[in-house]
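Asker: please find the sequence and the predicted model below.
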Amino acid sequence: MKAEDDRGFEDYNPGSVFEYGEIRVEEAEILEFARRFDPQEMHVDPEAATRGRFGGLIASGWHTGALMMRLLADNFLPKRASLASPGIDELRWLRPVRPGDALRIRVTVLEATPARSKPDRGTVRTLIEVLNQDGEVVMSLKPMNIIARRSGY
(Lines give C-alpha, C1' and ligand atoms only; values in the text may rest on other atoms or scores of the structure.)
Protein backbone atom coordinates (compact mmCIF):
# COMPACT_ATOMS: atom_id res chain seq x y z
CA MET A 1 0.00 0.00 0.00
CA LYS A 2 1.29 3.47 -0.92
CA ALA A 3 1.54 6.28 1.64
CA GLU A 4 -1.16 8.17 -0.30
CA ASP A 5 -3.59 5.35 0.52
CA ASP A 6 -3.36 6.23 4.21
CA ARG A 7 -4.30 9.88 3.69
CA GLY A 8 -7.46 11.18 5.24
CA PHE A 9 -9.34 14.47 5.03
CA GLU A 10 -6.99 16.12 7.55
CA ASP A 11 -4.02 15.55 5.21
CA TYR A 12 -5.36 17.83 2.46
CA ASN A 13 -4.17 21.30 3.42
CA PRO A 14 -5.14 24.32 1.30
CA GLY A 15 -2.19 25.46 -0.77
CA SER A 16 -0.63 21.98 -0.99
CA VAL A 17 0.46 20.99 -4.50
CA PHE A 18 0.87 17.43 -5.74
CA GLU A 19 2.22 16.31 -9.13
CA TYR A 20 1.79 12.90 -10.76
CA GLY A 21 2.37 11.33 -14.13
CA GLU A 22 3.14 10.51 -16.80
CA ILE A 23 0.66 8.74 -19.02
CA ARG A 24 1.24 8.41 -22.76
CA VAL A 25 -1.45 9.18 -25.32
CA GLU A 26 -1.51 6.56 -28.08
CA GLU A 27 -3.14 7.07 -31.48
CA ALA A 28 -4.94 3.71 -31.31
CA GLU A 29 -6.51 4.68 -27.97
CA ILE A 30 -7.58 8.08 -29.33
CA LEU A 31 -9.32 6.37 -32.24
CA GLU A 32 -10.91 3.63 -30.11
CA PHE A 33 -12.24 6.05 -27.49
CA ALA A 34 -13.58 8.49 -30.07
CA ARG A 35 -15.25 5.82 -32.19
CA ARG A 36 -17.14 4.66 -29.11
CA PHE A 37 -17.89 7.95 -27.39
CA ASP A 38 -17.06 11.08 -29.44
CA PRO A 39 -17.15 10.26 -33.16
CA GLN A 40 -16.16 13.63 -34.55
CA GLU A 41 -13.84 13.79 -37.56
CA MET A 42 -10.95 15.39 -35.67
CA HIS A 43 -10.93 12.38 -33.29
CA VAL A 44 -11.71 9.44 -35.60
CA ASP A 45 -10.30 10.22 -39.07
CA PRO A 46 -6.54 10.99 -39.16
CA GLU A 47 -6.63 11.99 -42.84
CA ALA A 48 -9.58 14.36 -42.51
CA ALA A 49 -8.11 15.71 -39.27
CA THR A 50 -4.97 16.87 -41.11
CA ARG A 51 -7.16 19.16 -43.20
CA GLY A 52 -9.15 20.37 -40.21
CA ARG A 53 -8.81 23.20 -37.76
CA PHE A 54 -6.26 21.40 -35.55
CA GLY A 55 -3.96 20.21 -38.35
CA GLY A 56 -4.06 16.60 -37.23
CA LEU A 57 -5.69 14.00 -35.05
CA ILE A 58 -6.53 15.11 -31.50
CA ALA A 59 -7.93 13.29 -28.49
CA SER A 60 -11.47 13.92 -27.37
CA GLY A 61 -11.59 16.16 -24.33
CA TRP A 62 -13.52 13.39 -22.60
CA HIS A 63 -10.65 11.00 -23.34
CA THR A 64 -8.25 13.52 -21.80
CA GLY A 65 -10.55 13.63 -18.78
CA ALA A 66 -10.45 9.84 -18.50
CA LEU A 67 -6.63 9.86 -18.60
CA MET A 68 -6.62 12.55 -15.90
CA MET A 69 -8.97 10.46 -13.79
CA ARG A 70 -6.63 7.47 -14.06
CA LEU A 71 -3.73 9.52 -12.72
CA LEU A 72 -5.92 11.04 -10.01
CA ALA A 73 -7.36 7.72 -8.82
CA ASP A 74 -3.98 5.97 -8.88
CA ASN A 75 -2.11 8.70 -7.01
CA PHE A 76 -4.13 11.41 -5.29
CA LEU A 77 -7.38 9.90 -4.05
CA PRO A 78 -6.85 7.67 -1.02
CA LYS A 79 -8.14 4.15 -1.58
CA ARG A 80 -9.95 3.81 1.75
CA ALA A 81 -10.96 7.41 2.44
CA SER A 82 -12.25 8.56 -0.96
CA LEU A 83 -16.04 8.42 -0.59
CA ALA A 84 -17.55 10.22 -3.61
CA SER A 85 -17.56 13.38 -5.66
CA PRO A 86 -20.51 15.78 -5.80
CA GLY A 87 -19.20 17.24 -9.07
CA ILE A 88 -16.77 19.54 -10.82
CA ASP A 89 -16.67 23.20 -11.74
CA GLU A 90 -14.91 25.10 -14.49
CA LEU A 91 -13.88 22.26 -16.81
CA ARG A 92 -11.76 23.73 -19.60
CA TRP A 93 -10.04 22.11 -22.59
CA LEU A 94 -7.27 24.58 -23.33
CA ARG A 95 -5.01 22.89 -25.88
CA PRO A 96 -5.31 19.89 -28.17
CA VAL A 97 -3.91 16.56 -26.98
CA ARG A 98 -2.16 14.62 -29.72
CA PRO A 99 -0.82 11.12 -30.27
CA GLY A 100 2.53 10.75 -28.52
CA ASP A 101 1.84 13.38 -25.86
CA ALA A 102 2.87 12.50 -22.31
CA LEU A 103 0.43 13.88 -19.74
CA ARG A 104 0.84 14.54 -16.04
CA ILE A 105 -1.34 16.26 -13.48
CA ARG A 106 -0.76 19.03 -10.98
CA VAL A 107 -3.30 19.08 -8.15
CA THR A 108 -3.58 22.14 -5.92
CA VAL A 109 -5.76 21.92 -2.81
CA LEU A 110 -7.99 25.02 -2.79
CA GLU A 111 -10.27 24.27 0.17
CA ALA A 112 -10.78 21.56 2.77
CA THR A 113 -14.15 21.99 4.47
CA PRO A 114 -15.27 19.70 7.29
CA ALA A 115 -18.80 18.36 6.88
CA ARG A 116 -21.26 19.90 9.33
CA SER A 117 -23.66 16.98 9.56
CA LYS A 118 -21.13 14.14 9.28
CA PRO A 119 -18.00 14.78 11.38
CA ASP A 120 -16.22 11.72 9.97
CA ARG A 121 -15.58 13.44 6.61
CA GLY A 122 -15.08 16.64 4.67
CA THR A 123 -15.03 18.06 1.16
CA VAL A 124 -11.74 18.77 -0.57
CA ARG A 125 -11.91 21.20 -3.50
CA THR A 126 -8.93 21.20 -5.85
CA LEU A 127 -7.63 22.73 -9.04
CA ILE A 128 -6.39 20.02 -11.38
CA GLU A 129 -4.22 21.00 -14.30
CA VAL A 130 -3.35 18.43 -16.96
CA LEU A 131 0.01 19.27 -18.52
CA ASN A 132 1.69 17.89 -21.61
CA GLN A 133 5.38 17.06 -22.01
CA ASP A 134 6.14 20.74 -22.75
CA GLY A 135 4.55 21.89 -19.49
CA GLU A 136 1.56 23.41 -21.29
CA VAL A 137 -1.79 23.14 -19.52
CA VAL A 138 -4.10 21.21 -21.85
CA MET A 139 -7.07 20.87 -19.48
CA SER A 140 -8.12 22.26 -16.12
CA LEU A 141 -11.00 21.63 -13.75
CA LYS A 142 -12.06 22.21 -10.16
CA PRO A 143 -13.48 19.01 -8.69
CA MET A 144 -14.80 18.36 -5.21
CA ASN A 145 -14.15 15.09 -3.40
CA ILE A 146 -15.65 13.81 -0.19
CA ILE A 147 -12.83 12.35 1.90
CA ALA A 148 -13.16 10.47 5.18
CA ARG A 149 -11.13 11.48 8.21
CA ARG A 150 -8.55 8.90 9.22
CA SER A 151 -10.58 8.24 12.35
CA GLY A 152 -13.57 7.39 10.12
CA TYR A 153 -12.11 4.28 8.48
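Answerer: Perfect, I can see it now.
Asker: roughly how far does L131 sit from A73?
Answerer: 18 Å (C-beta to C-beta, to the nearest Å). The way it works is simple: take the backbone N, C-alpha and C, and place the C-beta from them, glycine included.
Asker: and for G55?
Answerer: Per C-beta to C-beta, G55 is found 32 Å from A73.
Asker: over to Q133?
Answerer: The gap separating Q133 from A73 is 22 Å, by C-beta to C-beta.
Asker: neighbour-wise, which of the two wins?
Answerer: In this view Q133 and A73 are compared by other C-beta atoms under 10 Å, and Q133 has more residues nearby, 14 against 11.
Asker: ranges for the strands of this structure?
Answerer: Using DSSP state E, the strands of the chain run over 17-24, 82-93, 102-114, 121-131, 137-148.
Asker: for Q40, find the nearest of those strands.
Answerer: strand 82-93 (12.9 Å; C-beta to C-beta).
Asker: can you list the residues that contact that closest one?
Answerer: Applying C-beta atoms under 8 Å, 6 or more residues apart in numbering, the contact partners of strand 82-93 are 61, 64-65, 121, 123, 138-148.
Asker: try 7 Å this time
Answerer: Residues outside strand 82-93 that contact it (C-beta atoms under 7 Å, 6 or more residues apart in numbering) are 61, 64, 121, 139-148.
Asker: which of those residues has the most neighbours?
Answerer: In terms of neighbours by other C-beta under 10 Å, those top out with I147 at 25 neighbours.
Asker: what residue ranges in this structure score low on pLDDT?
Answerer: 1-5, 152-153 (pLDDT under 70).
Asker: in space, what's closest to the residue most central in space within it - neighbours in sequence excluded?
Answerer: Centroid check for the chain by C-alpha atoms, centre = their mean gives M68 as the closest residue, at 3.0 Å. Nearest in space to M68, with sequence neighbours left out and distances taken as C-beta to C-beta, 6 or more residues apart in numbering, is V130 at 5.0 Å.
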